[in-house]
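Asker: give me coordinates for this.
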Amino acid sequence: MTSQEIRQSFLDFFASKDHKIVPSAPMVIKDDPTLMFTNAGMNQFKNIILGNDPIKYSRVADSQKCLRVSGKHNDLEEVGHDTYHHTMFEMLGNWSFGDYFKKEAIEWAWEYLTEVLKLDKNRLYATVFEGSPTEGLSRDDEAAEIWAQFLPAERIINGNKKDNFWEMGDTGPCGPCSEIHIDIRPDSERALVDGLTLVNESHPQVIEIWNNVFMQFNRKADGSLEGLPAKVIDTGMGFERLCMAVQGKLSNYDTDVFTPVIAAIGNVCGAEYGQNDKTNIAMRVIADHIRTIAFSITDGQLPSNAKAGYVIRRILRRAVRYGYTFLGQRHAFMFKLIDTLCEVMGKAYPELIAQKTLIEKVIKEEEESFLRTLETGIRLLDKVMEEAKKANKTVIAGKDVFTLYDTFGFPLDLTELILRENNFTANIDEFNAEMQIQKDRARNAAAVETGDWVTVREGDSQFVGYDFTTADTEILRYRKVKQKNQEYYQIVLSKTPFYAEMGGQVGDTGILKSDNETIEIIDTKKENNLAVHIAKKLPVDVTESFTAVIDVEKRKATECNHSATHLLHEALREVLGTHVEQKGSFVSPESLRFDFSHFQKMSKEEIRAVEMLANKKIRENYPLQERRETPIAEAQAMGAMALFGEKYGETVRVIQFGDSIELCGGTHVSSTGNIGLVRIVAESSIAAGIRRIEAITGKAVEDLLDKQQDTLSEAKEVLNNAPDVLVAIKKLAEEAGDLRKKIEAFQHTQILALRDKLISEAKEVSGTKVISFNGNLAADQVKTLAFQIRNMLSEKLYFVAGCVVDGKPSLTVLLSDDLVATGLNATNIAREAAKEIQGGGGGQPFFASAGGKNAEGIQKAIAKALEAIK
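Answerer: Numbering: from 1, shown residues only. Here you go, the predicted structure:
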């Protein structure tokens, strides 16, 4: 069976067991503060498991794109070095929400593996949870008894809490699990060593392929367990590992999931897989990482220096580094692999094909950028080694290695490789100490202490903010949160007009008031599909009835900016072309930001055309046409644009203004005329093939126009009320240019005169002309003077100048080449003398300069610089 056939067989099997087959959620998570990436198949069902969302289908199955590189599930450093770890992988899974439980889950797993895929029953093992006395949990005898129908007792293995008790995180749903392992070793090896002894021992051919999690508990913040409202089956089977077992391979990378990509790497890099370990590891790393990078970009996450974008950039740079070090790639090459990746995975994930050009451009630019970083790092490392060599050292300080790593992105293992080649080593203990300091700093900055939810009353939270700005409400639950030594409270209301931050739109602020007090709501966030209201203090009596009131002025300003993004999106497509697609947005009361796919800088004319089109649509005063709970197929048939990287349900909300039709959950103006006016204030690039416009609307545009008008009026007054301000400014600029040239010519004449004077007054020390100068020349003038003198005296010249300009002292040293040949060094002289002015500097052996803070020490600095010649 091919990998595509295996994937389809899984979905078909569970469809036959009355499971609803659902599409994969995006790999990049946008609206869950606890996760950056989907790291398990259950992520998209978390709200159902927690009881925050209703159960639409009690049985579900899918193939989910997952990414594990950070946090609890961190496989990154193992990827490529073994045959079965990956960053991005597919998780085949089936779920039951309050329907079937252990019996059906185990029986169907066995049926699929042994009857559909025909895997050898004698090679399969099952693990069950052995229990945990400290938690008051007994052995999972129920699961063991079900497995006894299919496996002999010796192949049903007790597993500890680490391996056989699955937890979402420090808190949340959890429960015992039963793993299915397979022994794919050749018969000759199996005859020598019993596979039973190798289960969960990290053997590359005795591996877990399927985990059946029996979720029945919720882990609270204090570590205790409570029962879940409804028991859940959550299973996950590694697709790549399954393909290895079915296709009779000993490595995931030998399956047809990876072999075409590895072959393409060989063609592009002129390498052969199987040649040697280092080449093999490099090719596996690149084959794995290219999938992660491509899928992240299709889901809307570009490489960057923050959060999820930084993780993707690290993965991309790790692949570039392996290509650079072990495959000799000095130019961008990974972007050339996307064609092959589309052939392998494009059918299952058509978004790859749809965004192929964007993926290639982003990867190419990132590769080229990091290759430049590598070159810079190598030059810096050469300098560090040169200085160490002069000091007769063979160990490079860990602090220097960490600076290369942290500031310049230069990888540790590449640093070590270069050092070894030059007979140096790095102080790794010192490097690790620096790394730990940074980690502790980051951890302390990000540390959040979250208490358990305190339930005031049972009930569901209802959002009424599309229709109302106030609502009578009650508190359902609350909890205390502490971050950066600040305490605040998260509150869930029974009914709320507050829009929770989502889809790029900021959350509402406002108040929660009762007859006795008023509480300020400083923000509203979405967490596990709940609107969480954030307050600095809790009401004295949380059982009271309240009125929730949003800040209407801020909401209106936000609505203007959000509706304007829709009009700008449509205008951009009309002006630039239909290749324009939204890649991100941010909407606040003050401004809007809109990111879109486009491959070149917008011209002034294009920006003006987009503005004019959007403002025309505003003047036409299109009314808001809102359709809630529209079937997704119907919405798409209307022409509504679905965004890559977004997870849509079966029904969606459609927002229409004239011809602009989008799927959107945000709040909007009742008609476009309310926006007033839109003005684009900035256009820039944020990544290869991605542009960003920033804009303002309504009163903010009025304020900007008033400011510009005031500036123009003031400029007119300064120019004696010239009828044409632009002509007058151009004339002033021309006059200023002419005057500047005259001043420069005059200064040059002065410097030549000063040159001649200093040469005539030069002192001779041991046959060397020594010239010193103390004045108030600017740094560029001193440099000109020094080189003018050097042109006249090319041999036996020792020049020192000290100047103070605007209270800031500077020192300049210039030597003729013959003096440099004797061992004198201008940089060392300037650096040592600069201590007298509390400063430092540098340069070249023949010319150096230094700056400082202590102007009173300039005479001493000159004297100290002159000591070297004496």
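Asker: so which residue is smack in the middle of the protein?
Answerer: Computing the C-alpha centroid of the chain and ranking residues by C-alpha atoms, centre = their mean puts G309 first, at 1.5 Å.
Asker: can you pull out the strands in the stretch 551-700 of the chain?
Answerer: Assigned by DSSP state E, counting those that start in this stretch, the strands in the stretch 551-700 of the chain fall at 582-587, 592-597, 625-631, 651-657, 660-663, 678-687, 690-697.
Asker: for the last one, name the packing helices and strands.
Answerer: To tie it back to what came earlier, the one meant is strand 690-697. With contacts taken as 3 or more C-beta pairs under 8 Å, 6 or more residues apart in numbering; DSSP states H and E, strand 690-697 sits against helix 552-576, strand 592-597, strand 678-687. All C-beta spots, glycine's among them, are computed from the backbone N, C-alpha and C.
Asker: got CSV for these, with distance to C177 too?
Answerer: Formatted as CSV, the helices and strands packed on strand 690-697 follow (distance: least, C-beta to C-beta, whole Å):
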stretch, distance to C177
helix 552-576, 43
strand 592-597, 40
strand 678-687, 40
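Asker: any chance of CSV for the ones you listed, columns mean pLDDT and mean neighbour count?
Answerer: Converted to CSV, the helices and strands packed on strand 690-697 look like this (pLDDT from 0 to 100; neighbours: other C-beta atoms under 10 Å):
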stretch, mean pLDDT, mean neighbour count
helix 552-576, 97, 22
strand 592-597, 95, 22
strand 678-687, 94, 16
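Asker: ok, Q275 - contacts?
Answerer: Applying C-beta atoms under 8 Å, 6 or more residues apart in numbering to Q275 gives no contacts.
Asker: what's the helix or strand for it?
Answerer: Using DSSP states H and E, Q275 sits within no helix or strand.
Asker: I'd like the distance between it and I281.
Answerer: The spacing between Q275 and I281, counted by C-beta to C-beta, to the nearest Å, is 11 Å.
Asker: how about G839?
Answerer: Distance of G839 to I281, computed by C-beta to C-beta: 49 Å.
Asker: now swap in K399 and tell me
Answerer: Using C-beta to C-beta, one obtains 30 Å as the distance from K399 to I281.
Asker: neighbour count for these two, which is higher?
Answerer: With neighbours defined as other C-beta atoms under 10 Å, K399 and I281 compare such that I281 has more, 16 against 12.
Asker: excluding its backbone neighbours, what's nearest the more buried one?
Answerer: Distances taken as C-beta to C-beta, 6 or more residues apart in numbering put G80 closest to I281, at 4.8 Å, once the chain neighbours are dropped.
Asker: residues contacting that neighbour?
Answerer: G80 sits in contact with 281-282, 284-285, 288, 322, where contact means C-beta under 8 Å, 6+ apart.
Asker: quick check: which element contains it?
Answerer: For G80, there is no helix or strand it lies in under DSSP H and E.
Asker: can you check the one 10 residues further on too?
Answerer: Using DSSP H and E, E90 maps to strand 88-97.
Asker: elements contacting that strand?
Answerer: helix 3-15, strand 59-67, helix 102-111, strand 225-238, helix 239-246, helix 277-298.
Asker: tell me the angle of the last one relative to strand 690-697?
Answerer: Looking back up the chat, that one is helix 277-298. Here the directions of helix 277-298 and strand 690-697 differ by 30 degrees (axes from the mean of the first three to the mean of the last three C-alpha atoms, to 10 degrees).
Asker: so which bits of helix 277-298 are buried?
Answerer: Buried residues in helix 277-298, counting neighbours by 16 or more other C-beta atoms under 10 Å, are found at 279-298.
Asker: distance from the chain centre to stretch 776-788, please.
Answerer: How far stretch 776-788 lies from its chain's middle: 47 Å, per C-alpha atoms, centre = their mean, to the nearest Å.
Asker: let's number from 776 now, not from 1
Answerer: Taking 776 as the first residue, the last one we looked at is stretch 1551-1563.
Asker: residues of that stretch that come out buried?
Answerer: In terms of neighbour count (16+ other C-beta under 10 Å), stretch 1551-1563 has its buried residues at 1552, 1556-1561, 1563.
Asker: and stretch 793-800, by the same measure?
Answerer: For stretch 793-800, the buried set under the neighbour-count rule, 16+ other C-beta under 10 Å, comprises 794, 797, 799-800.
Asker: could you give the average pLDDT over the strand holding E865?
Answerer: In this model, strand 863-872 has an average pLDDT of 95.
Asker: repeat that for stretch 965-982.
Answerer: On average, stretch 965-982 scores 93.
Asker: what's the answer for stretch 1277-1295, then?
Answerer: Mean pLDDT, stretch 1277-1295: 94.
Asker: span of that stretch from start to end?
Answerer: 21 Å (C-alpha to C-alpha, to the nearest Å).
Asker: try stretch 950-970
Answerer: Stretch 950-970: ends 27 Å apart by C-alpha to C-alpha.
Asker: how far away from the center of its chain is that stretch?
Answerer: Centroid separation between stretch 950-970 and its chain, computed with C-alpha atoms, centre = their mean, is 38 Å.
Asker: ditto for stretch 1601-1612
Answerer: 43 Å.
Asker: give me the buried positions along it.
Answerer: Buried residues in stretch 1601-1612, counted by 16+ other C-beta under 10 Å: 1601-1602, 1604-1612.
Asker: now do stretch 1100-1120
Answerer: Buried, per 16+ other C-beta under 10 Å, within stretch 1100-1120: 1100-1102, 1104, 1107-1113, 1115-1117, 1119-1120.
Asker: next one: stretch 992-1011
Answerer: Residues 992-994, 1003, 1005-1011 are the ones in stretch 992-1011 that count as buried (16+ other C-beta under 10 Å).
Asker: and what of stretch 1468-1481?
Answerer: Under the neighbour-count criterion of 16+ other C-beta under 10 Å, stretch 1468-1481 has 1468, 1470-1473, 1475-1476 buried.
Asker: then stretch 1638-1645?
Answerer: Those would be 1639-1641, 1643-1644, for stretch 1638-1645 by 16+ other C-beta under 10 Å.
Asker: in helices only, show me the residues you listed.
Answerer: When DSSP state H defines the helices, the subset of those inside them is 1639-1641.
Asker: closest to I1128 out of the residues you listed?
Answerer: Nearest to I1128, judged by C-beta to C-beta, of those is A1640 at 67.2 Å.
Asker: any idea how far L1568 is from the residue nearest to that closest one when sequence neighbours are not counted?
Answerer: Leaving aside its chain neighbours, A1640 sits nearest to A1608 (4.0 Å; criterion: C-beta to C-beta, 6+ apart). Taking C-beta to C-beta as the measure, A1608 falls 21 Å from L1568.
Asker: and for M1012?
Answerer: In terms of C-beta to C-beta, M1012 sits 82 Å off from L1568.
Asker: quick one: which of the two has more around it?
Answerer: Taking other C-beta under 10 Å, M1012 and L1568 do not tie; M1012 has more neighbours (23 against 16).
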